[in-house]
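Undergrad: sequence first, predicted model second:
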Number of protein chains: 2
Amino acid sequence: MSNQSFNVAVVGATGAVGQQIVRLLEERDFPVNTLKLLSSARSAGKKVIFKGQEVTVEEATPDSFEGVHIALFSAGGDISKALAPHAVRHGAVCIDNTNAFRMDPNTPLVVPEVNSDRIADHNGIIANPNCSTIQMVAALKPLYDRYGIDRIIASTYQAVSGAGNQAIDELKRQSKSVLEGEEVNPDILPVGSLPVKHQIAFNAIPQIDKFQDNGYTLEEMKMVNETKKIMEDESIHVTTTCVRIPVVYGHSESVYVELKQDYDLDEVKALLQNAPGITLVDDPANQAYPLATDAAGKNDVFVGRLRRDLGHERGLNMWIVSDNLLKGAAWNAVQIAEIIAAKTPAIS
Amino acid sequence: MSNQSFNVAVVGATGAVGQQIVRLLEERDFPVNTLKLLSSARSAGKKVIFKGQEVTVEEATPDSFEGVHIALFSAGGDISKALAPHAVRHGAVCIDNTNAFRMDPNTPLVVPEVNSDRIADHNGIIANPNCSTIQMVAALKPLYDRYGIDRIIASTYQAVSGAGNQAIDELKRQSKSVLEGEEVNPDILPVGSLPVKHQIAFNAIPQIDKFQDNGYTLEEMKMVNETKKIMEDESIHVTTTCVRIPVVYGHSESVYVELKQDYDLDEVKALLQNAPGITLVDDPANQAYPLATDAAGKNDVFVGRLRRDLGHERGLNMWIVSDNLLKGAAWNAVQIAEIIAAKTPAIS
């Protein structure tokens, strides 16, 4: 890493992901010169501690980015669309956690373990993929490189923190109500901006984000389209079913993958064991497999339950778990920031 | 139905399934002459109300079945193996909810909507399939009959009540502890008889029942093998991933099915709409799809999220939900008992 330091802005600093970004910048000792914490007008004025210093959150405006080198956005797609171009105009590199630019052909969509070489192609904005995509492609990349992939069929078990702090509060509030025999009044999930709400406590909701015309939800289509873009392979068939379950932190995924070549299961395990950012937890005899509660608070992607498909000789089943706020969002973004920082020539 | 009435025994009468069987016998006005409620020595002496009368639970022994016409077993595989042959010796027809006889070639494995004609083949015992199998085959049968099925890839979201009343208590106890910031001490799940326990509250555990040598759990292999037996088609490829989630009542399943012929999605919906025991809930525009909390307490299998696979022209994705204690166990068993009762000639 160069020995220079950076003026960093975090947009959405008080949100579930923004809080983790600030924590990681400190934990990783990222070379921060100045830290600007930005938010909506509603959260402006809040105080956040960074490296022992109190930082006051300011309202994000088009002029907030003067002098900023790196801006990390996680305040929703509309905010990114409105403000990222201004950050770019001010010379910042934006790392955007929202869906705003992911499928834009001029914006690289990056999971460092998969395609860090694409970072250099950016035109001011680098998109962070959707949480459910990141952990899946991180786990599949070593298999793609070795065997190729024909198709993927994934069913997800997604934590409420993916829908933000309000959804976390809702799950806790509803759980308490159910346990105490009180009425549950759903308010946020499945989609805050849609009229129908469903109970998430002690339930499984097969809707994350809005429905598209083809019967899939936007969350499902993100996994489909982003996987192809990140892998740079439009020929991979991807189908997903995205489900919200009463978990606070950590998305789990049941993934069937059909490889292009026959494979050896021990070799698959060795590939994953040696892959960057992957922790293999696969010991059925000792009932060891990835669990959301174990992955919470950790940066890695955890993979287990590896087994041959019973119907297709090139089919492989796996269970992939990761903290959706970390590798699924904040950690992936900070990883990208670290790569940018390391590659930035020292400025006099 | 013939106008005769039957001496009925319920083995495991105080368990999660047994309680529902007793409730359904009353609700359905099953023609009960005498009702014998049987259990382990531990639960013997408990009182249960049936049609306004108090019935004392007795310890199940080989001699408990004298004069019994129909015996419904749900007290675990070991009890069924030990006692069902004695019930048969006494002339009873046994409807067994456990795994003891399901794959026995001499024992029919019955989901009335799928293969009620097999009931007549029994040699004293009729097996009730596993909960996760029943709801899947009930939903797939109309499609199998119309198009044929090549393969099934299913991921489940299973309620803790499938592991009995103790698991329900554990989920509630753990949920309360987590909400209050207290330590969680897992005691029952994932498998009561195995040494390692995992937290189920706010978690997803990819293990139901014991691991087999092929890396699949017994629960997963039940779905694989039972589906082939019930459909009477060994050529169907079935792969499953069975996961316990923090839900009390109602299993949900994400099912990919590859049909043998191309299909019309509207026709699929019409087939399911008209199928016995199925309720179609599939209106994405109004955010309507099956939910465990809606299925709880109901006898039907609920199907929705029907959509074309994005990678395979004969692929179809669906979301199947049912109350695992009802259609998945007690109701399927009582349905079989009703068919037996209706076909039994009047005895003078």
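TA: That came through fine.

Undergrad: how about A:P246: what's its closest non-neighbour residue?
TA: Leaving aside its sequence neighbours, A:P246 sits nearest to B:P246 (CB to CB, 6 or more residues apart in numbering or on different chains; 4.9 Å). Where you see a C-beta, it was placed from the backbone N, CA and C, and this is true even at glycine.

Undergrad: hang on, that neighbour packs against A:I245?
TA: Yes: applying CB atoms under 8 Å, one finds B:P246 in contact with A:I245, separated by 7.3 Å.

Undergrad: over to the one residue in the stretch 151-300 of chain A that gets nearest to chain B: give its phi and psi.
TA: Nearest residue of the stretch 151-300 of chain A to chain B: A:H237, at 2.5 Å (CB to the nearest CB). The phi/psi pair for A:H237 (degrees, to the nearest 10) reads phi -90, psi 130.

Undergrad: could you pull out the helices in the stretch 101-250 of chain A for me?
TA: Using DSSP state H, counting those that start in this stretch, the helices found in the stretch 101-250 of chain A span residues A:112-115, A:131-147, A:165-179, A:218-231.

Undergrad: can you give the contact residues for the shortest one?
TA: Pointing back at helix A:112-115 there. For helix A:112-115, the surrounding residues in contact (CB atoms under 8 Å, 6 or more residues apart in numbering or on different chains) are A:108-109, A:119, A:137-138, A:141, A:230-232, A:275-278, A:332, A:335-336, A:339.

Undergrad: closest point of the stretch 1-150 of chain A to chain B, which residue?
TA: Proximity of the stretch 1-150 of chain A to chain B (CB to the nearest CB) peaks at A:D150, 8.6 Å away.

Undergrad: quick one, strands of the stretch 1-150 of chain A?
TA: In the stretch 1-150 of chain A, the segments counted as strands under DSSP state E, counting those that start in this stretch are A:6-11, A:32-39, A:47-50, A:53-56, A:58-59, A:70-73, A:93-96, A:125-127, A:149-157.

Undergrad: before we move on, back to that, who's in contact with the residue nearest to A:P246?
TA: B:P246 neighbours (CB under 8 Å, 6+ apart): A:202, A:245-247, B:160, B:171, B:175, B:200-203.

Undergrad: if you set the cut-off to 6 Å instead, what comes out?
TA: Taking CB atoms under 6 Å, 6 or more residues apart in numbering or on different chains, we find B:P246 in contact with A:246, B:171, B:200-201.

Undergrad: as a markdown table, the residues you listed with pLDDT and distance to B:R146 would be great.
TA: What follows is the contacts of B:P246, written out as a markdown table (pLDDT from 0 to 100; distance: CB to CB, whole Å):
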| residue | pLDDT | distance to B:R146 |
| --- | --- | --- |
| A:P246 | 98 | 36 |
| B:L171 | 98 | 39 |
| B:I200 | 98 | 39 |
| B:A201 | 98 | 42 |
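
Undergrad: closest to A:V88 among those residues?
TA: Set against A:V88, the nearest of the contacts of B:P246 by CB to CB is A:P246 (39.5 Å).

Undergrad: what's the separation between the closest one and B:V248?
TA: From A:P246 over to B:V248 the distance is 11 Å, taken as CB to CB, to the nearest Å.
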